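fold the following for me, if possible:
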Amino acid sequence: MGAQVVERVFPPDLRERLGRSTRLAAAPLTGALDGPDAAEVLAATEILVTGWDCPPLTDRVLAAAPRLRAVMHAAGSVRPIVTDAVWERGLLVSSAADANAGPVVAYTLAAITFAAKGALSAAAGYASAWPGFTERTGADARVVGIIGASRIGRRVIEALRADSAGYRVLLCDPYVDAAEAARLGVEQAGLAELCRRSGIVSVHAPQLPETQGMLSTEMLALIPDGGVVINTARGSLLDTEALAAECGAGRLSAYLDVTHPEPLPAGHPLLTLPNVLVTPHIAGAQGSEVRRLGVYAVEEVERFVRGVVLRGGTGRGDMARVA
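Take a look at the predicted model:
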């Protein structure tokens with residue numbers, strides 16, 4: 001992982017704890033993994049703890065690590081680092097995605113709350129007129145459409161179902177059957193129906209070939225006037241220019257933590273519209289929150305050493321469904 005990542009995710013007390021169950025290398029690997037210096041360390045490595053800025057674990061890297069048995073990723077998605085070579089070697093892989101999910105869920109729920117209050121339009125009009133108590137018009141903000149029953153999507157659903165505001169939740173996810181939808185307390189809907197009926201649409205699907213641009217010009221046009229789009233998943237899942245046009249016309253509003261491209265070019269309409277809030281991919285663990293990623297990874301190492309099943313275990317078959 002990057003040198004700054006080590007200091008943020010694994011402060012001294014966590015490294016000391018990690019050293020109680022393992023024999024740590026003298027210094028963290030913070031650069032390329034395919035050079036002679038890294039090879040010397042990898043030759044004796046049985047557990048590799050990775051994080052942001054870790055290079056891909058290619059055939060060449062793994063050839064230098066004949067004793068490697070497990071990869072503990074102290075971050076969310078393992079896609080940037082895991083290659084076919086990892087699965088072919090039969091390595092155990094763990095992701096701290098569960099630890100990273102909490103902040104994303106909190107961000108999403110905050111965005112839903114702001115959307116239900118019409119916070120962006122109220123803030124934009126603050127200087128010119130005190131709005132007083134007003135009822136929202138247009139799209140029904142109590143109907144929330146969730147795209148993707150991911151670990152984050154499911155936790156958002158759970159929170160909305162427990163909220164006394166009385167949210168109705170629609171779910172679009174091809175992997176969820178009727179029985180599971182009933183357990184989640186949601187109503188299943190195809191993407192077009194979900195867009196047509198939801199006042200708030202929140203995206204939690206993985207970035208896959210079949211999800212690219214799923215919120216297209218046509219789908220966005222189905223969302224009722226006054227509707228809100230929230231995206232904390234991946235920017236490529238929606239048509240950026242189509243959304244900019246809808247928001248520019250004042251028909252929709254948006255809360256976006258991810259964009260396509262990322263970052264948006266200077267002067268892009270989504271960065272200046274009063275009914276759009278764009279944040280720079282901060283919904284996941286930030287600041288003091290990143291420590292939880294280190295704690296999760298350390299606990300996974302401790303489980304592995306004890307021979308206990310990993311909480312964040314990820315397999316090759318999961319790659320078709322995870323972010």
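
in whichever strand or helix holds Glu246, which residues are buried?
Of the helices and strands defined by DSSP states H and E, Glu246 is found in helix 240-248. Within helix 240-248, the residues that count as buried by 16 or more other CB atoms under 10 Å are Thr240, Ala242, Leu243, Ala244, Ala245, Glu246, Cys247. In this view, the C-beta of every residue, glycine as well, is placed from N, C-alpha and C.

with stretch 100-117 instead?
Using 16+ other CB under 10 Å as the test for burial, stretch 100-117 gives 100-101, 103-105, 107-109, 111-112, 114-116.

what are the ranges of the strands in the stretch 201-323 of the chain?
Listed in chain order, the strands of the stretch 201-323 of the chain (DSSP state E, counting those that start in this stretch) span 228-231, 253-256, 276-278.

can you redo the ones you listed as TSV with mean neighbour count, mean pLDDT and distance to Glu16?
Converted to TSV, the strands of the stretch 201-323 of the chain look like this (neighbours: other CB atoms under 10 Å; pLDDT from 0 to 100; distance: least, CB to CB, whole Å):
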stretch	mean neighbour count	mean pLDDT	distance to Glu16
strand 228-231	27	98	39
strand 253-256	26	98	40
strand 276-278	19	98	39
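
is Ile157 part of a helix or strand, or is it coil?
Put simply, Ile157 is helix when judged by DSSP: H, G, I helix; E, B strand; the rest coil.

and what of Arg161?
Classification of Arg161 by three-state DSSP places it in helix.

residues near Ala44, how many?
By the criterion of other CB atoms under 10 Å, Ala44 has 12 neighbours.

my read: it touches Arg67, true?
Yes: the pair Ala44 / Arg67 is scored as a contact, 6.6 Å apart, by CB atoms under 8 Å.

that older thread, dump the buried residues of helix 240-248 into JSON lines; add distance to Arg15 as well.
Formatted as JSON lines, the buried residues of helix 240-248 follow (distance: CB to CB, whole Å):
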{"residue": "Thr240", "distance to Arg15": "41"}
{"residue": "Ala242", "distance to Arg15": "47"}
{"residue": "Leu243", "distance to Arg15": "43"}
{"residue": "Ala244", "distance to Arg15": "45"}
{"residue": "Ala245", "distance to Arg15": "50"}
{"residue": "Glu246", "distance to Arg15": "48"}
{"residue": "Cys247", "distance to Arg15": "45"}
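
of the residues you listed, closest to Met1?
Of all the buried residues of helix 240-248, Met1 sits closest to Thr240, with 30.3 Å by CB to CB.

so which of the buried residues of stretch 100-117 belong to helices?
Counting by DSSP state H, the buried residues of stretch 100-117 place 100-101, 103-105, 107-109, 111-112, 114-116 in helices.

in a markdown table: these, plus pLDDT and distance to Gln188.
What follows is those, written out as a markdown table (pLDDT from 0 to 100; distance: CB to CB, whole Å):
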| residue | pLDDT | distance to Gln188 |
| --- | --- | --- |
| Asn100 | 92 | 27 |
| Ala101 | 93 | 23 |
| Pro103 | 94 | 28 |
| Val104 | 96 | 23 |
| Val105 | 97 | 21 |
| Tyr107 | 97 | 25 |
| Thr108 | 98 | 20 |
| Leu109 | 98 | 22 |
| Ala111 | 98 | 23 |
| Ile112 | 97 | 20 |
| Phe114 | 96 | 27 |
| Ala115 | 96 | 22 |
| Ala116 | 94 | 23 |
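
and which of those is nearest to Leu222?
Relative to Leu222, the closest of those is Ala115; by CB to CB it sits at 17.4 Å.

ok, and the closest non-adjacent residue to the closest one?
Val228 (4.0 Å; CB to CB, 6 or more residues apart in numbering).

can you give me the helices in the stretch 151-300 of the chain?
For the stretch 151-300 of the chain, the helices defined by DSSP state H, counting those that start in this stretch occupy 151-162, 178-184, 191-197, 217-222, 240-248, 291-306.

residues contacting the residue nearest to Ala115?
Neighbouring residues of Val228 by CB atoms under 8 Å, 6 or more residues apart in numbering: Ala115, Ala139, Ala141, Gly199, Ile200, Val201, Leu252, Ser253, Ala254, Tyr255.

equivalent analysis for His260, please.
Arg234, Gly235, Ser236, Leu238, Thr240.

got a winner among those residues for most neighbours?
Highest neighbour count within these, by other CB under 10 Å: Leu238, with 28 neighbours.

distance of the residue nearest to that one when sequence neighbours are not counted relative to Leu62?
In space, and not counting its chain neighbours, Leu238 is closest to Leu215: 3.6 Å by CB to CB, 6+ apart. Using CB to CB, to the nearest Å, we find Leu215 at a distance of 38 Å from Leu62.

who has more neighbours, these two?
Between Leu215 and Leu62, counting by other CB under 10 Å, Leu215 is the more crowded of the two (24 against 20).

quick one: the more buried one and Ile230 touch, right?
No: judged on CB under 8 Å, Leu215 makes no contact with Ile230 at a distance of 11.0 Å.
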